[in-house]
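Q: I would like to see how this sequence folds:
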Amino acid sequence: MDVNLAIGLVESILAPKSLNHIQIEIVRGVIAGRSYQQIVDATKVDRLASQQARGTEVETIDSGKYKVSYVKTTAAQLWQLLTQRLNQKVTKDNLAALLLWYVKQSAAKGLVDSQSESDEDLPDREIQQSRVNFGLDGAFYGRAEEITTLTNWYVVERCRLILLIGMGGMGKTTLAAEIAAQLSGKFDRIIWKSLVNTPSIKVLCLDLLQALSPQALVDLPDTLGGQIDLLIASLRQDRCLLIFDNVESILAGQVQCGQYLADYDGYDQLFRAIGGLPHKSCAILTSREKPHTIARLEIVNPQLVKSMNIGGMESTAAHEFVQSQGCPQLPEWMWQEVHAHYDGNPLALKIATMAAIEMTGGGEKMLELYPLMKAGKLQFQSIDDSLTRQFDRLSQIEQQLVYWLAIAREPITSTELRANLVIHPHAPGEIINALQSLARRCITIGSNSARDRLRQRKWSIQPVMIAYVTRRLIDRFVAELAPESSTNIPIPDLRDRFFHLNHYAIIQPKPKDGICQIQRQFILQATIERLIATWSHPANLSQYLDRISTEWQDLDPLPIGYLGSNLVNLLTELNLK
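A: Residues are numbered from 1 along each chain as shown. Prediction:
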């Protein structure tokens, strides 16, 4: 079971009470299959934060971790509370099963928030402009299905909170602007707020109240809760469309997806109010990542809070789009491969088109770049910059999994992924949670959505991400094998010096024949070409690789990892050259 789903369900069962920090970590750990000791090891907090739990002083050990005895006591109290609410015996071992039972019971009883107004079509409002200009010029291409669904969600289903989520460049902002323009007649006011500069929640609320209810600023409450209450009152009085663009800017990086930046938890309170309290307005969020608030609200109130995954443009519309940017009409077979390579990402297609025009002068000469794309040698810095920003936000385990998905070159299961992590193994639950976190960042793609077959689901990443991550990994291989010099003093420990070469296989052990050939071409040969360009003579490189291989084999005991097999593959390929 997904950890955010579990936390949301527990909070729903215990409402109006909410989980404190240690209770959340207990639920997170139990769902991940950890023991209480492992939960303690994974939960590092300072003493001040620890003392907030239950309003009393909490026992911690010197390292700042909770004591196992305290975690066990807190867990027992939590299981008792859940037992009382569910009238079912809840324990550490059956928590996930009972939460699934609760979901089925709730669905059967229709335990969802009722809509505050009828589902009849909303009349158009009399406003001065029938369309709204958000500074996004040019024609709008495709997305007919998305526009129809979004229109239905507000006009018919009366959704209060909608998240448009997708990788960078997929056109979330453009789609939000288009739906705002098409539905402008349904609203009294439309307000667009970009969060790219990470405004504090109080600044945002002040701006919204200034636009919606200036008179409220005369006697503005001091508390955030009071200000949000005033905002909700304004959303009840008038039909307003609020658009919050670039929500990922207020989310923390290098941790599990969906957590807010420090001091930005007030956004959780705002989004919960908009999604959970009755009003006649709507808020649309655009983001590269799903906030945990939205993940939980979708469980508690699925009729009024919805998410839409924004993927690539449909092939025909995307072809029309790139032609509008100066690309000639490509042969159908060639266009389908270009469209698949960039996954229909409008920004990536636009960058590739503009760069290709600069490189070739445009016209039919642009077709000469097709073989480079097929060979994985056509790269554009602007696209890489966008992917780098997204990759750098990943947690350590997420980065490890993305590297292995790029190496695999085909969809694989979480069990297969876990088998690759030979140096620092992770529990199966941790792997699944990390994969689902990656899915909420729109990086991984799951081939099977059935929850009862979660560990059999196959995961992959998009072709443009595979190409980027492969280049990133090769960069690190080459850096670790750079010639020694006065400015490049080698680290004594081979495991530290060749960190990436020991953690990741250039060619996986026992791959399928077709995959082996692809890994050889796109990883092994590409690495050799880069190394030959770095070293003055291939013979010097061969001697260096042979010396490192000997030093590695002489270690006793022989360390776990891929360095030995990687050196053998590099030497074999170099000799073939």
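
Q: How is the chain partitioned into domains?
A: The chain is divided into the following domains under automatic domain parsing: 3-109, 144-309, 315-378, 390-576.

Q: and of those domains, who's closest to Asp384?
A: Of all these, domain 390-576 sits nearest to Asp384, with 6.0 Å by CB to CB. In short, each C-beta sits where N, CA and C put it, glycine included.

Q: and that closest one, how far apart are its ends?
A: The distance separating the two terminal residues of domain 390-576, taken as CA to CA, to the nearest Å, comes to 37 Å.

Q: Pull the distance from it to the chain's centre.
A: With CA atoms, centre = their mean, to the nearest Å as the basis, domain 390-576 stands 21 Å off its chain's centre.

Q: and that domain, average pLDDT?
A: In this model, domain 390-576 has an average pLDDT of 88.

Q: Which helix or which strand is home to Trp153?
A: Assessed by DSSP states H and E, Trp153 sits inside helix 144-155.

Q: mind listing what's buried in that helix?
A: Counting neighbours by 16 or more other CB atoms under 10 Å, one finds that the buried residues in helix 144-155 are Glu146, Ile147, Leu150, Trp153, Tyr154, Val155.

Q: re the thing from before, can you say which of the domains of the chain is packed in most?
A: Each of the domains of the chain was given a mean neighbour count from mean count of other CB atoms under 10 Å, and the largest, a mean of 18, is that of domain 144-309.

Q: What is the end-to-end distance of that domain?
A: For domain 144-309, the end-to-end distance is 14 Å (CA to CA).

Q: One more: stretch 519-537?
A: Note: stretch 519-537 ends 25 Å apart using CA to CA.

Q: again, but for stretch 384-403
A: The first-to-last residue distance of stretch 384-403 comes to 16 Å (CA to CA).

Q: after the helix or strand where Ala355 lies, next one along is what?
A: Ala355 belongs to helix 346-360 when elements are defined using DSSP H and E. Towards the C-terminus, the helix or strand next in line after helix 346-360, according to DSSP H and E, is helix 370-374.

Q: Does Ala505 touch Gly564 like I think?
A: No: here Ala505 lies out of contact with Gly564, judged by CB atoms under 8 Å, at a distance of 10.7 Å.

Q: on that earlier part again, would CSV of the buried residues of helix 144-155 with distance to Gln269 be doable?
A: Output for the buried residues of helix 144-155, formatted as CSV (distance: CB to CB, whole Å):
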residue, distance to Gln269
Glu146, 29
Ile147, 31
Leu150, 25
Trp153, 23
Tyr154, 23
Val155, 28
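
Q: Just the closest of those to Leu235, please.
A: The shortest gap between Leu235 and any of these belongs to Tyr154, at 13.3 Å (CB to CB).

Q: Now do the phi/psi pair for the spatially closest residue to that closest one that is not a sequence neighbour.
A: Once its chain neighbours are removed from consideration, Tyr154 has its nearest residue in Cys282; the separation is 5.1 Å (CB to CB, 6 or more residues apart in numbering). Note on Cys282: its backbone torsions stand at phi -150, psi 140 [degrees, to the nearest 10].

Q: residues in contact with Cys282?
A: Cys282 makes contact with Tyr154, Cys159, Arg160, Leu161, Ile162, Cys240, Leu241, Leu242, according to CB atoms under 8 Å, 6 or more residues apart in numbering.

Q: hang on, isn't the third one packed against Leu304?
A: Translated: Arg160. Yes: between Arg160 and Leu304 there is a contact under CB under 8 Å: 4.8 Å.

Q: re earlier: nearest to Gly376, of the contacts of Cys282?
A: Distance from Gly376 was checked for each of the contacts of Cys282 by CB to CB. The minimum falls on Ile162, at 37.1 Å.

Q: Quick check: end-to-end length of stretch 362-376?
A: Between the opening and closing residues of stretch 362-376 lies a distance of 21 Å (CA to CA).

Q: meant to ask about stretch 372-391
A: In terms of CA to CA, the two terminal residues of stretch 372-391 are separated by 24 Å.

Q: Now do it: everything it contacts.
A: Defining contact as CB under 8 Å, 6+ apart, one finds that stretch 372-391 is touched by 167-169, 288, 337-338, 341, 347-348, 351-352, 355, 369, 399, 402, 441, 443, 464-465, 467-472, 522, 526.

Q: which residues in the stretch 151-300 of the chain form helices?
A: 172-182, 201-212, 224-237, 266-276, 292-300 (DSSP state H, counting those that start in this stretch).
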